[in-house]
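Novice: I need the structure of the sequence given here:
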Amino acid sequence: MSSQPSRTSLPAIIGGLALVLVAAFFGIDLGGGHGGSSASSSTSVAAPGSSASNAVGKASASAKTATTSAQKADGDSCPVNTLPAEADTVIDEIRAGGPFAHPDNDGVRFGNYEGVLPKQSSNYYREYTVDTPGLNHRGERRIVTGGGSATDPDVWYYTDDHYESFCQIPDAEN
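Specialist: Residues are numbered from 1 along each chain as shown. Below you'll find the model as predicted:
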């Protein structure tokens, strides 16, 4: 049996890759679930272990690496100047006590259910939406603050992958 894909599967591979790249560009979660990564959910486009599955997974991983470059710019630290401009606006809104673009969702308790941030009491963290231009929904980008007061938190974190990873914003109070 040949390891080459058949001619009938080539359009499926190309279509799957195109779907993943478009979804990654627009920040769409193909998995549809809370906390699901686009890399793991996108592999469901093709049968596990198939050439299409491997190609889709690699393309999605590349796209994800590109979108998290700000987070990884300085290890676990991401100075404000490495974040999207929208994050700087949200930082100013947090320090001013609002108003927020998403008042039903911003400034509310963040449960840290994923356990990625340091374990704290249940009301320690608060989350805020960092809008993504071109999306008609909240997207995956957030600032999560912790401790202190609502306008003067002790710690600041940023995520662009809906809580899968965070970097600490060391200069949010400057």
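Novice: need the helices for the protein, in chain order.
Specialist: Applying DSSP state H to the chain gives helices spanning 10-26, 38-42, 51-67, 85-96.
Novice: Mean pLDDT lowest where, among those helices?
Specialist: Note on those: lowest mean pLDDT is at helix 38-42, with a mean of 35.
Novice: and Val144, what does it touch?
Specialist: Val144 is in contact with 110, 117, 125-128, 156-159, 166, counting by Cβ atoms under 8 Å, 6 or more residues apart in numbering. Just so you know, the C-beta spots here come from the backbone N, C-alpha and C atoms, and that holds for glycine as well.
Novice: Inside strands: which ones of these?
Specialist: Assigned to strands by DSSP state E, the following of these qualify: 110, 125-128, 156-159.
Novice: Out of those residues, which is nearest to Ile94?
Specialist: Each of the ones in strands among the contacts of Val144 was scored against Ile94 by Cβ to Cβ, and Tyr128 proved nearest at 6.0 Å.
Novice: Quickly list what that closest one is bridged to.
Specialist: Bridge pairing for Tyr128 (DSSP bridges) gives the partners Ile143.
Novice: is it true that it touches Thr145?
Specialist: Yes - checked against Cβ atoms under 8 Å, the pair Tyr128 and Thr145 is within contact range at 7.3 Å.
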